[in-house]
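J.: Mind folding the following:
(one chain, ligands or ions: 1)
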Amino acid sequence: MSFRASRLVSDPSRIFDHGKSGYDTNESDSYDYVIVGGGTAGCVLASRLTEKADLNILLIEAGETRMPLAFTKLFSSQYDWDYDTTPQVGLNNRRTHWPSGKMLGGSSSINCCVHHHCAPEDFDNWAKLGMTGWSYNNLRQYFLKSEKYSPGGSTSNVDPSLRGASGPWRTRRCTTLPISQAIIRSCEVNGIPMKHDFNTKSGTAGVGSLACFIDQAGERSSTATAYLTPDVLLRPNLTVLIGCSIERILFEEQGGSQRATGVQVSKSPDTLSYVIRASKEVILCAGSVATPQLLTISGIGPHEELERLAIQPIKCLDAVGKNLSDHICTGALHFPCKPGYSLDYLSHPLSAAVAAARWMVTGGGPLSYPPMPGAAFFRSGDANLPFGTSTAYPVEDLATGPGAPDCELVWFPLLIQPSGQVKQPRDRHGITLSVIALQPKSKGGITLASGSIWDKPIINANYLHQESDLNLLLRAIHLQRAIARTPPFSEILELTDAVTDKNDMFWPGDAHPSTLTEDGLRDWIRANSTSAWHPVSTARMGLSPADSVVDVSLRVHGVTGLRVCDASVFPTQVSGHPCATVVAIAEKLADMIKEERK
Ligand SMILES: Cc1cc2nc3c(=O)[nH]c(=O)nc-3n(C[C@H](O)[C@H](O)[C@H](O)COP(=O)(O)OP(=O)(O)OC[C@H]3O[C@@H](n4cnc5c(N)ncnc54)[C@H](O)[C@@H]3O)c2cc1C
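T.: Prediction:
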């Protein structure tokens with residue numbers, strides 16, 4: 001096959017050898033590996049596999065090229081798949097918005113840039129479940145291989161020798177506002193120990209500043225900007241096809257089993273479809289929603305789902321689309337603060353313009369700050385923490401080990417309302433806190449709305465279906481209120497303890513104590529809690545085809561030539577932010593494939 005000069009193409013006909021009018025067969029010559037989805041994992045794999053000059057790789061991405069914009073500006077735009085869940089019974093029948101990156105870099109191009117290894121126990125637990133090769137010790141080398149850490153920023157107490165130094169992915173501690181240090185101190189006073197670096201073997205429990213993937217120029221380091229650099233895109237053995245969607249994976253019977261031999265791709269439902277061949281493997285990296293969708297449309301899914309939509313079965317695998325686990329937050333708790341301590345002034349156009357100019361000239365200033373400057377990882381069963389009387393309500397201990405957290409407190413140095421339910425008062429300043437349930441008991445699933453990838457699938461996360469999850473968030477509200485009443489954080493706040501209207505944005509953060517009934521708080525959680533946008537496990541790794549989709553080599557059970565590599569393969573949920581784990585998994589798979597080919 002002859003390659004054209006540019007390796008980044010958006011017209012599928014350009015990767016065919018048939019010439020301008022030769023689309024009659026609509027079939028290309030073959031690539032060794034076809035990677036489906038140029039997202040977080042897909043970019044890593046494409047970059048690492050093409051380090052071997054004898055491997056010919058095609059990366060196909062439904063979205064376009066990367067956009068270095070503030071993350072919320074991309075929501076519901078052309079760069080977002082813009083999913084919604086079904087009405088969630090546990091959330092008073094509300095639908096919740098699920099943004100998901102639709103561009104090179106995928107969700108690493110749209111997320112909050114928190115760089116987190118999660119808890120070592122998460123991966124040791126994977127190994128205990130039989131996932132040989134996936135313990136923390138196995139994965140740590142890949143966390144470090146991916147990373148290029150720049151010392152400095154808000155905390156000088158990070159030991160750089162424990163960070164990756166020569167990987168492509170730029171990480172650092174960004175400068176943050178003083179209020180973040182005040183919150184950290186108040187958490188410590190309440191019994192959460194200081195943690196200088198959440199990403200070491202010593203575990204992640206504690207409070208401190210978060211690392212982020214924002215480079216020295218103040219720009220997001222997505223897996224597209226980090227791994228698909230201009231040099232990589234010039235490699236003759238890499239072709240990147242953008243703006244094209246895989247419609248299904250193609251199989252042929254070979255030697256008594258079904259082998260994935262290629263993909264069907266198109267720019268839109270109304271344009272020509274092309275067939276692209278993979279001589280070795282198709283690697284599915286389409287993310288936790290699109291991966292189970294594509295598998296099922298291609299004939300690999302639960303028997304009843306294939307039958308319902310009259311899809312020709314290739315392999316019945318019951319776990320496709322099941323075991324969906326997503327992190328759920330309390331909802332945003334707002335606390336009024338003195339002017340000058342938060343970033344709310346940026347809502348004025350003039351201040352925003354000055355900040356934008358500063359960012360463009362120096363790469364610094366408030367627009368280079370990470371959206372989430374710090375966090376506290378703790379356990380909902382910790383008897384030393386101020387959960388008030390809510391400890392009377394049972395929470396099942398689902399943390400992955402004695403040192404692993406099941407809750408994360410995050411804060412934003414301004415008033416934000418992710419669910420958009422309450423109108424933000426003008427000229428008010430404040431801080432937003434929220435606690436994420438890291439090991440929720442409630443599980444959901446993804447099913448098809450139709451047999452076409454052009455229709456969004458049905459997402460049912462089953463949030464707060466389990467009482468234990470609701471009780472955990474209830475405890476977390478008491479903790480957040482206690483931290484806000486502890487100096488030095490409390491000295492920056494302007495609490496009145498007088499808000500009685502449950503629809504006021506400062507209830508329950510600044511509520512009059514008489515209004516704080518446990519039932520009222522439960523109602524508030526159901527009306528306000530939101531997704532933390534960390535869906536995993538919808539094509540999970542496991543030993544048995546009865547309850548998992550891929551084996552420990554990430555090969556789909558019962559077929560050949562097909563692997564999955566993205567957040568959908570997590571055997572279980574992780575206790576934190578999953579992006580670095582997705583990157584580590586992709587780094588590991590690239591090494592496994594290179595090793596297999598020796
Ligand atoms: C708003 C938001 C904030 C988040 N914040 C953080 C954070 O701060 N830190 C953190 O660790 N994690 C965060 N996460 C989670 C993290 O970003 C994801 O878990 C991770 O990026 C998922 O990687 P992936 O490779 O599984 O999927 P993705 O990165 O989503 O990649 C899937 C790719 O496949 C493409 N695709 C899908 N279908 C097709 C098709 N049919 N044909 C071709 N291409 C297709 C998509 O366009 C996409 O590019 C956040 C997520 C969101 C949405």
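
J.: Can you check the pLDDT for the residue of the stretch 401-550 of the chain found nearest the ligand?
T.: Relative to the ligand, the nearest point of the stretch 401-550 of the chain is W533 (3.7 Å; Cβ to the nearest ligand atom). (C-beta placed from N, C-alpha, C; glycine too.) At W533, the model reports a pLDDT of 96.

J.: do the same with the one 3 residues further on
T.: The score at V536 is 98. That number is its pLDDT.

J.: Near it, how many residues? Count them for me, please.
T.: 24 (other Cβ atoms under 10 Å).

J.: can you pull the contacts of it?
T.: V536 makes contacts with S288, L324, S325, D326, A567, S568, F570, Q573, V574, P578, as judged by Cβ atoms under 8 Å, 6 or more residues apart in numbering.

J.: can you give me the strands for the stretch 351-500 of the chain?
T.: Per DSSP state E, counting those that start in this stretch, the stretch 351-500 of the chain carries strands over the ranges 374-378, 407-412, 430-437, 445-447, 458-460.

J.: buried set for the first one?
T.: Along strand 374-378, these residues count as buried under the neighbour rule (16 or more other Cβ atoms under 10 Å): G374, A375, A376, F377, F378.

J.: low-scoring pLDDT stretches of this structure, where are they?
T.: The chain contains residues with pLDDT under 70 at 1-6, 15-29, 66-72, 153-156, 418-425.

J.: for it, longest strand please?
T.: Counting residues, the longest strand in the chain under DSSP state E turns out to be strand 273-284.

J.: Give the buried residues for that one.
T.: Buried-residue list, strand 273-284, by 16+ other Cβ under 10 Å: S273, Y274, I276, R277, A278, K280, E281, V282, I283, L284.

J.: same check, this time on stretch 124-134
T.: For stretch 124-134, using 16+ other Cβ under 10 Å, the buried residues are D124, N125, W126, A127, M131, W134.

J.: contacting residues for the spatially closest residue to the last one that is not a sequence neighbour?
T.: Leaving aside its sequence neighbours, W134 sits nearest to W126 (Cβ to Cβ, 6 or more residues apart in numbering; 4.5 Å). The contact partners of W126, by Cβ under 8 Å, 6+ apart, come to W134, S135, M541, P571, T572.

J.: Confirm that W126 sits in a helix.
T.: Yes. Using DSSP: H, G, I helix; E, B strand; the rest coil, the assignment for W126 is a helix.

J.: so how many other residues sit close to the residue of the stretch 401-550 of the chain closest to the ligand?
T.: Using other Cβ under 10 Å: W533 sits among 20 other residues.

J.: wait, what's in contact with it?
T.: By Cβ under 8 Å, 6+ apart, the residues touching W533 are W98, P99, S100, S107, N111, D326, H327.

J.: can you narrow the residues you listed to ones near the ligand?
T.: P99, S100, S107, N111 (Cβ under 6 Å from any ligand atom).

J.: Secondary structure element holding the last one?
T.: Just to be clear, that refers to N111. N111 belongs to no helix or strand when assigned by DSSP states H and E.

J.: what's near enough to touch the closest residue to R555 other than its chain neighbours?
T.: Nearest non-adjacent residue to R555, counting by Cβ to Cβ, 6+ apart: R563, 5.2 Å away. Going by Cβ under 8 Å, 6+ apart, R563 touches E281, V282, I283, L284, V550, S553, L554, R555, V556, L589.

J.: let's go with 6 Å and repeat that
T.: Counting by Cβ atoms under 6 Å, 6 or more residues apart in numbering, R563 makes contact with E281, I283, L554, R555.

J.: Show me what from the stretch 1-150 of the chain comes close to the ligand.
T.: Within the stretch 1-150 of the chain, the positions adjacent to the ligand are 36-42, 60-63, 71, 99-102, 106-108, 110-114, 116 by Cβ under 6 Å from any ligand atom.

J.: go with 5 Å
T.: By Cβ under 5 Å from any ligand atom, the residues of the stretch 1-150 of the chain that approach the ligand are 37, 39-41, 62-63, 99, 102, 106-108, 111-112, 114.

J.: Closest one of these to I300?
T.: Distance to I300 across these (Cβ to Cβ) is lowest for G37, with 16.1 Å.

J.: and that closest one, how many residues sit next to it?
T.: With other Cβ under 10 Å as criterion, G37 counts 28.

J.: likewise D504?
T.: Residues near D504, counting by other Cβ under 10 Å, number 15.

J.: S161 now?
T.: Other residues near S161 come to 6 when the count uses other Cβ under 10 Å.
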